[in-house]
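*Asks:* I'd like to go over a predicted model; first the sequence, then the structure.
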Amino acid sequence: MALLKEKGVHGKCIELQGSLTDGSALNRSKAWHEATDESGVIKTLKSVPTEWSPDLFRSGTVNSLRAHPEAQRLCPSSRPVGMSEGHVDVGTTS
């Protein structure tokens, strides 16, 4: 985060969580928020529980992007099929 802050980089993200009853998913979400919430670099606009369901992942993504068109990245708890990194650029410039 220090390098991002030093370079003046800021991001607005939507976090796509796994199951809120899965210890690993909860730990990933907790670590995400510990690293980002007070960073002044990355702002989480919405956290969406997906219960590891492709349908909930898809509908949560669509609804979150409609509610937050300023989002620049999706930050999922796991890598969906076809995703090469731990984030997805949603193509905005806000």
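*Replies:* That came in fine, so what should we check first? Residues are numbered from 1 along each chain as shown.
*Asks:* Surely residue 51 is in contact with residue 19?
*Replies:* Yes. Using C-beta atoms under 8 Å, residue 51 is in contact with residue 19, at 4.8 Å. Using the backbone N, CA and C atoms, a C-beta is placed for each residue, glycine as well.
*Asks:* Reduced to three states, what does residue 47 come out as?
*Replies:* When classified by DSSP: H, G, I helix; E, B strand; the rest coil, residue 47 comes out as strand.
*Asks:* dump the residue contacts of it.
*Replies:* Residues near residue 47 by C-beta atoms under 8 Å, 6 or more residues apart in numbering: 14, 15, 17, 29.
*Asks:* Quickly note the distance from residue 50 to residue 59.
*Replies:* Plainly put, residue 50 is 9 Å away from residue 59 if you go by C-beta to C-beta, to the nearest Å.
*Asks:* The two: which is more packed in?
*Replies:* Comparing residue 50 with residue 59 by other C-beta atoms under 10 Å, the one with more neighbours is residue 50, at 23 against 13.
*Asks:* what are the ranges of the strands in this structure?
*Replies:* Applying DSSP state E to the chain gives strands spanning 11-17, 42-49, 73-76, 88-89.
*Asks:* Number of residues surrounding residue 53?
*Replies:* Other residues within reach of residue 53, judged by other C-beta under 10 Å, total 13.
*Asks:* sorry, back to before: compile the contacts of residue 47 into JSON lines and extend it with columns for pLDDT and neighbour count.
*Replies:* Shown next, in JSON lines, are the contacts of residue 47 (pLDDT from 0 to 100; neighbours: other C-beta atoms under 10 Å):
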{"residue": "14", "pLDDT": "95", "neighbour count": "24"}
{"residue": "15", "pLDDT": "95", "neighbour count": "21"}
{"residue": "17", "pLDDT": "92", "neighbour count": "23"}
{"residue": "29", "pLDDT": "93", "neighbour count": "21"}
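*Asks:* thought residue 52 was touching residue 19?
*Replies:* Yes. At 5.5 Å, residue 52 and residue 19 qualify as touching, with contact defined as C-beta under 8 Å.
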